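Asks: Pasting a predicted model and its sequence here:
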Protein chains: 2
Amino acid sequence: MIVGLGPGSAEQVTPEATAAIAAATDLVGYQGYIERLAPRPGQRIHPSDNREELDRARLALALASAGRAVAVVSGGDPGVFAMAAAVFEAIEERPEWLRLEVTVAPGVSAMQAAAARLGAPLGHDFCAISLSDNLKPWAAVERRLRLAADGDFVIALFNPASKARHCRIAEAFDLLRAVKHGATPVALARAVGRADEKLTLTTLGEADLSLVDMATLVIIGSSETRFIGREGARRWMLSPRSYGARR
Amino acid sequence: MIVGLGPGSAEQVTPEATAAIAAATDLVGYQGYIERLAPRPGQRIHPSDNREELDRARLALALASAGRAVAVVSGGDPGVFAMAAAVFEAIEERPEWLRLEVTVAPGVSAMQAAAARLGAPLGHDFCAISLSDNLKPWAAVERRLRLAADGDFVIALFNPASKARHCRIAEAFDLLRAVKHGATPVALARAVGRADEKLTLTTLGEADLSLVDMATLVIIGSSETRFIGREGARRWMLSPRSYGARR
């Protein structure tokens, strides 16, 4: 089973995911996610480094093939820039892995948790783009950013930065600033649902990109996205359902 | 509180959503969603027709303003083509509504539930587009479809059909067939997580669009998306994490 743990809060883990973790003999995952769990006595844990997704998938499939009941745990939704793709990439490597019964338990992604805290920034057509160029050429990312801006989609950026590539988010913003209005609402949503959550509302022109790290989800509005001011509270961010008919 | 009920199964409703519903004095929502709940004695229900989102939002805000604890219930994730945007659109209409405490409880969207049942079709950059032209010009939809195809995004289509506009999905496919390969994997995922669930794996060229109705989520692959065949079971659908480096 490939299990989504949601963004961080136990209140946002589905009963399906909780039951899958309880039923597993083996828990496989990035150690940061394994640490969120309270393994029961006898349950084996297999924590690993964040970069080794394919090796982790192979380990899980080998364990399952040996008769273990394995839960591969993933933050957010395993289907959205997370472990599900890695498991299905690995599954073709051995015929016996293809015969395994595999179930995916979806979860609330970081993008959705961020949107919920902000108001309704994804209320209209949107794109989700990973800025990681570990597995794709940066030119493909640039091309997608440009087309997403041309289409006036709301844009959610996953993996916007890492120690190895802090400049990528700056390059992405440079590109978007050249084609979108500087006043476009932007949210930098860090560690949503966790104790160190930090939400920053800004604009495309003024965003301080030093605030963006690996745990940050970036949402860039469409031309219709707006902030709604409130007294004594953070503004809401809204991408209205209607398009092309501004009030 | 604006509450996401997930795609249909009780196992995919978060504890946060369940608690919000239990704590509410008033449940407001489309009657199809209200019917999924088991209101406790004394809890008032306010079911409404599917088309009246803004009126439903106003009713919820008026009740909350009068001191009621209101849960606006929404299928899937309220932040993704659902009730959150309507509530925040309505909230600006009256100063007292802007002072309300509003919380959004995200949920698993139909798109994610469909992806989980299919394998990992959203494992790479994707766009989510609503085909409804109730609130946006069809030309904007066409433009976005074209740009999403140019960018080789995986494309998830929400609201692909209704009684009023059955031809829109055919128009969308005609447009995509002109620019993407006919062999591109396509999934038609109907009523995922419900008793009448039906999953159809096909291709862009061969898809039978008569199978597409209001309850269907359509996923159209990128050039890298593929099916993984299995003996005696439905194929998996995978959009691998890597791009531009086909094995």
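Replies: Thanks, I have the structure now.

Asks: ok now the helix or strand of chain A with the lowest mean pLDDT, how far from the chain's centre?
Replies: Least confident helix or strand, chain A: helix A:31-34 with a mean of 92, by mean pLDDT, DSSP states H and E. Put simply, helix A:31-34 sits 15 Å off its chain's centre (C-alpha atoms, centre = their mean, to the nearest Å).

Asks: and if you look at stretch A:25-42?
Replies: In terms of C-alpha atoms, centre = their mean, the centre of stretch A:25-42 is found 20 Å from the chain centre.

Asks: rewinding a little: mind giving me the packing neighbours of the least confident helix or strand of chain A?
Replies: If you count contacts as 3 or more C-beta pairs under 8 Å, 6 or more residues apart in numbering or on different chains; DSSP states H and E, helix A:31-34 packs onto strand A:44-48, strand A:70-74. In this view, the C-beta of every residue, glycine as well, is placed from N, C-alpha and C.

Asks: Pull the residues that contact that helix.
Replies: For helix A:31-34, contacts defined as C-beta atoms under 8 Å, 6 or more residues apart in numbering or on different chains pick out A:Leu5, A:Leu27, A:Ile45, A:His46, A:Pro47, A:Ser48, A:Asp49, A:Asn50, A:Val73, A:Ser74, A:Gly75.

Asks: TSV please, covering the helices and strands packed on helix A:31-34 and showing mean pLDDT.
Replies: Conversion of the helices and strands packed on helix A:31-34 to TSV gives the following (pLDDT from 0 to 100):
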stretch	mean pLDDT
strand A:44-48	94
strand A:70-74	97
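
Asks: Show me where chain A has its strands.
Replies: Ranges of strands in chain A, per DSSP state E, are A:2-4, A:26-30, A:44-48, A:70-74, A:104-105, A:119-120, A:126-130, A:154-158, A:185-190, A:198-203, A:216-220, A:226-230, A:233-238.

Asks: Report whether the last one contacts chain B.
Replies: What that stands for is strand A:233-238. Yes: against chain B, strand A:233-238 shows contacts by C-beta under 8 Å from any C-beta of the partner chain at A:Trp236, A:Leu238.

Asks: and that strand, what does it pack onto?
Replies: Taking 3+ C-beta pairs under 8 Å, 6+ apart as the contact cut, strand A:233-238 packs with strand A:119-120, strand A:198-203, strand A:226-230, helix B:83-91.

Asks: and those, which is most packed in?
Replies: The highest mean neighbour count among those, using mean count of other C-beta atoms under 10 Å in any protein chain shown, belongs to strand A:119-120: a mean of 30.

Asks: close to chain B, is it?
Replies: Yes: legend: contact between strand A:119-120 and chain B by C-beta under 8 Å from any C-beta is shown at A:Gly119, A:Ala120.

Asks: that older thread, between the helices and strands packed on strand A:233-238, which gets nearest to A:Val108?
Replies: Nearest of the helices and strands packed on strand A:233-238 to A:Val108, taken as C-beta to C-beta: helix B:83-91 at 13.6 Å.

Asks: So what touches that closest one?
Replies: Defining contact as C-beta under 8 Å, 6+ apart, one finds that helix B:83-91 is touched by A:115-116, A:119-120, A:123-124, A:228, A:236, A:238-241, B:2, B:29, B:53-54, B:56-58, B:60-61, B:72-74, B:78-79, B:97-98, B:100, B:102, B:104.

Asks: Make a PyMOL selection of whichever of those turn out to be buried.
Replies: In PyMOL, a selection of the buried entries from those looks like this (16 or more other C-beta atoms under 10 Å in any protein chain shown):
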select buried, (chain A and resi 115+116+119+120+123+124+236+238+239+240+241) or (chain B and resi 2+29+53+54+56+57+58+60+61+72+73+74+78+79+97+98+102+104)
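
Asks: for chain A, which spans come out with low pLDDT?
Replies: A:164-166, A:245-247 (pLDDT under 70).

Asks: First-to-last residue distance for stretch A:95-114?
Replies: With C-alpha to C-alpha, to the nearest Å as the measure, stretch A:95-114 spans 40 Å from end to end.

Asks: The residue sitting nearest the centre point of chain A and chain B, how far apart?
Replies: Most central in chain A under C-alpha atoms, centre = their mean is A:Ala110, positioned 4.7 Å from the mean C-alpha point. For A:Ala110, the distance to chain B equals 10 Å [C-beta to the nearest C-beta, to the nearest Å].

Asks: From what I see, that residue and A:Gly76 are in contact.
Replies: Yes: in this structure, A:Ala110 is within contact of A:Gly76 by C-beta atoms under 8 Å, at 4.8 Å.

Asks: tell me, what's touching these two both at once?
Replies: Counting by C-beta under 8 Å, 6+ apart, the shared contacts of A:Ala110 and A:Gly76 are A:Pro7.

Asks: ok, A:Asp213 - contacts?
Replies: A:Ala161, A:Arg190.

Asks: Relative to A:Trp138, how far out is it?
Replies: 19 Å (C-beta to C-beta, to the nearest Å).

Asks: do the same with A:Ile34
Replies: For A:Ile34, the distance to A:Trp138 - C-beta to C-beta - is 31 Å.

Asks: same check, this time on A:Pro39
Replies: On the measure of C-beta to C-beta, A:Pro39 and A:Trp138 end up 39 Å apart.

Asks: Equivalent analysis for A:Phe227, please.
Replies: Shown here: A:Phe227 relative to A:Trp138, a distance of 31 Å by C-beta to C-beta.

Asks: Dump stretch A:177-186 to PDB, restricted to CA.
Replies: C-alpha atoms of stretch A:177-186 as PDB (Å, rounded to 0.1, in the frame of the first residue of the first chain):
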ATOM      1  CA  ARG A 177       7.900  38.600 -14.000                       C
ATOM      2  CA  ALA A 178       8.700  39.200 -17.700                       C
ATOM      3  CA  VAL A 179       5.200  38.000 -18.800                       C
ATOM      4  CA  LYS A 180       2.900  38.500 -15.800                       C
ATOM      5  CA  HIS A 181       1.900  41.700 -14.000                       C
ATOM      6  CA  GLY A 182       4.100  42.600 -11.000                       C
ATOM      7  CA  ALA A 183       1.000  43.000  -8.800                       C
ATOM      8  CA  THR A 184      -0.100  39.400  -9.300                       C
ATOM      9  CA  PRO A 185      -0.800  37.900  -5.900                       C
ATOM     10  CA  VAL A 186       1.700  35.400  -4.600                       C
END
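
Asks: Tell me how far that stretch lies from the chain's centre.
Replies: In terms of C-alpha atoms, centre = their mean, the centre of stretch A:177-186 is set 23 Å apart from its chain centre.

Asks: swap in stretch A:196-214?
Replies: Centroid displacement of stretch A:196-214 relative to its chain, using C-alpha atoms, centre = their mean, is 16 Å.
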